[in-house]
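> A structural model of the following input is requested.
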Amino acid sequence: MPSLLASFPDRSPICFHDCECVGWTCLRGHAAAYLRFAHVDHLPGLISIGSLYNDRQSSAFQTNKELKWANCFSRGIWLCCRSCFLPLLLVPAIFYVLTLQKALSRCTAPARTMEPGMVWLLSIPLFNLVWQFFVVFSIAKSLANEFARRGMAVPEQTPAQPIGLAMCICACVSIIPLLGMIAAVTSLVLWIMYWVKVAEYSRLLDAPRVPTPAVPAV
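As a prediction, this is how the structure comes out:
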């Protein structure tokens, strides 16, 4: 291009070195302007400029097309994974809520601090982050009242409450970007431990009581 400018020192309308525009659109405009002032022997150089611009545009279009196909493919894979793993996560969650409901239903009405059906509010997204605290406290209080009413000794004063509170706190921390992954894994482990703990206490309430033999009077 500098050689082309040197051929027309007296009538060069645009200087490429002083141009403030950047990009192939500017270059195409300059080529069209020189085409009006140039002789026929300079046409091959201008044609090569246009060919270079068309090649660049074609390459960019091909790249964008490939990126669009790759994006669509990745979205399809993500949707398939979601459709496959969502039932795998939903089924254990249903059985977990059923365990909590059964534990509350095995407590007598005076001992319960929450109705068994209220645990299904845990299925509401985001709301369950707050409601899970109420569920843990209510189950611990209800189980403690029922064990005390039956006169059964248990190792914990508030059954399953420490593990349940740790699970709830980790579940809330899991939404924080930096600590989310570690807190989510910890919450998953504590969730399983809490589930097993509540199921054990529920089985204790369901077990038939063995009558204590009376001591014969001396």
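> what residue ranges in the protein are flagged as low confidence?
1-87, 208-218 (pLDDT under 70).
> would you map out the domains in it?
2-64, 85-206 (automatic domain parsing).
> what comes up buried for stretch 91-99?
For stretch 91-99, a neighbour-count test (16 or more other C-beta atoms under 10 Å) marks Y96, V97, T99 as buried. For the C-beta atoms, the positions are set from N, CA and C on the backbone; glycine is no exception.
> for those residues, which one is nearest W131?
V97 (11.4 Å; C-beta to C-beta).
> D206 versus that closest one, what's the distance?
18 Å (C-beta to C-beta, to the nearest Å).
> what of P155?
On the measure of C-beta to C-beta, P155 and D206 end up 18 Å apart.
> compare the two (neighbour count), which wins?
Taking neighbours as other C-beta atoms under 10 Å, P155 and D206 compare with D206 leading, 10 against 5.
> I figured the more buried one hits C107, correct?
No. Between D206 and C107 there is no contact under C-beta atoms under 8 Å: 11.0 Å.
> residue contacts, A93?
Neighbouring residues of A93 by C-beta atoms under 8 Å, 6 or more residues apart in numbering: S123.
> just give the closest residue to S202, not the sequence neighbours.
Setting aside the residues directly before and after it, S202 is nearest to A103 in space (C-beta to C-beta, 6 or more residues apart in numbering), at 4.0 Å.
> and that neighbour, which of the three is it?
Under DSSP: H, G, I helix; E, B strand; the rest coil, the three-state class of A103 is helix.
> which residues sit in contact with it?
The contact partners of A103, taken as C-beta under 8 Å, 6+ apart, are I139, S142, L143, V198, A199, Y201, S202, L205.
> just the residues you listed: which are in helices?
I139, S142, L143, V198, A199, Y201, S202, L205 (DSSP state H).
> may I see these arranged in JSON lines, with neighbour count as well?
As requested, the ones in helices among the contacts of A103 are exported to JSON lines (neighbours: other C-beta atoms under 10 Å):
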{"residue": "I139", "neighbour count": "28"}
{"residue": "S142", "neighbour count": "21"}
{"residue": "L143", "neighbour count": "27"}
{"residue": "V198", "neighbour count": "24"}
{"residue": "A199", "neighbour count": "17"}
{"residue": "Y201", "neighbour count": "21"}
{"residue": "S202", "neighbour count": "22"}
{"residue": "L205", "neighbour count": "18"}
